[in-house]
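In: Structural data only, the sequence is not supplied:
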């Protein structure tokens with residue numbers, strides 16, 4: 001029968017120590033791998049944080065630009081509304097100016113018509129007076145036996 005060699009107590013302790021050390025090394029190796037992963041993740045997080053900071057800076061600048069543009073658009077809209085109001089007012093003023101000119105023409109025409117009416121009335125009065133004078137003259141000539149006015153006019157060479 002063959003005998004298996006017996007390990008000495010010292011050798012067994014040494015093997016147990018090696019086994020324990022190997023287990024400990026495996027744990028350390030696993031921990032180191034885990035630490036490397038965590039380090040990589042932390043680096044990735046730092047990169048993402050940096051990217052987020054850049055994005056915030058860019059977004060803030062972009063938002064400020066958009067805000068400035070919106071303010072500018074509001075100013076332009078207000079100006080356009082004001083210009084439309086001025087245009088409407090100018091159109092109304094042109095209409096009023098045209099109406100005032102028309103009224104002035106009508107006033108001038110009315111004044112001219114009043115003058116013509118007054119002149120016509122005056123002419124009618126003069127015509128009436130002339131007719132009356134002619135009637136009186138005829139009556140006077142006829143009552144004096146001088147003949148008619150026409151005869152007197154021929155006599156004086158008129």
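Out: Thanks, I have it. These numbers come from a predicted model, not from an experiment.
In: Do a quick rundown of the helices in this structure.
Out: Here the chain has its helices, by DSSP state H, at 9-143, 149-155.
In: and these, which one is worst for confidence?
Out: Mean pLDDT is lowest for helix 149-155 among the helices of the chain, at a mean of 62.
In: about what we covered before: output the helices of the chain in a markdown table; the columns should cover mean neighbour count.
Out: Just so you know, the C-beta spots here come from the backbone N, C-alpha and C atoms, and that holds for glycine as well. As requested, those are exported to a markdown table (neighbours: other Cβ atoms under 10 Å):
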| stretch | mean neighbour count |
| --- | --- |
| helix 9-143 | 10 |
| helix 149-155 | 12 |
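In: For residue 46, see how far away residue 63 is.
Out: Residue 63 is 25 Å from residue 46, where distance means Cβ to Cβ, to the nearest Å.
In: no, scratch that, I was asking about residue 83
Out: The value you get for residue 83 to residue 46, if Cβ to Cβ is used, is 54 Å.
In: Check residue 33 too.
Out: 20 Å.
In: now do residue 30
Out: For residue 30, the distance to residue 46 - Cβ to Cβ - is 24 Å.
In: Also residue 140?
Out: Going from residue 140 to residue 46 by Cβ to Cβ gives 138 Å.
In: go on, residue 69?
Out: 34 Å.
In: for residue 9, same thing?
Out: Taken as Cβ to Cβ, the span from residue 9 to residue 46 is 54 Å.
In: do residue 82 as well
Out: If you go by Cβ to Cβ, the gap between residue 82 and residue 46 works out to 53 Å.
In: and if you look at residue 128?
Out: From residue 128 across to residue 46, the span is 120 Å (Cβ to Cβ).
In: Also residue 75?
Out: Distance from residue 75 to residue 46, by Cβ to Cβ: 43 Å.
In: Please list all residues in contact with the residue nearest to the spatial centre of the chain.
Out: Centroid check for the chain by Cα atoms, centre = their mean gives residue 80 as the closest residue, at 2.3 Å. Contacts of residue 80 were listed using Cβ atoms under 8 Å, 6 or more residues apart in numbering, and none were found.
In: what's the answer for the one 4 residues further on, then?
Out: With Cβ under 8 Å, 6+ apart as the criterion, no residue contacts residue 84.
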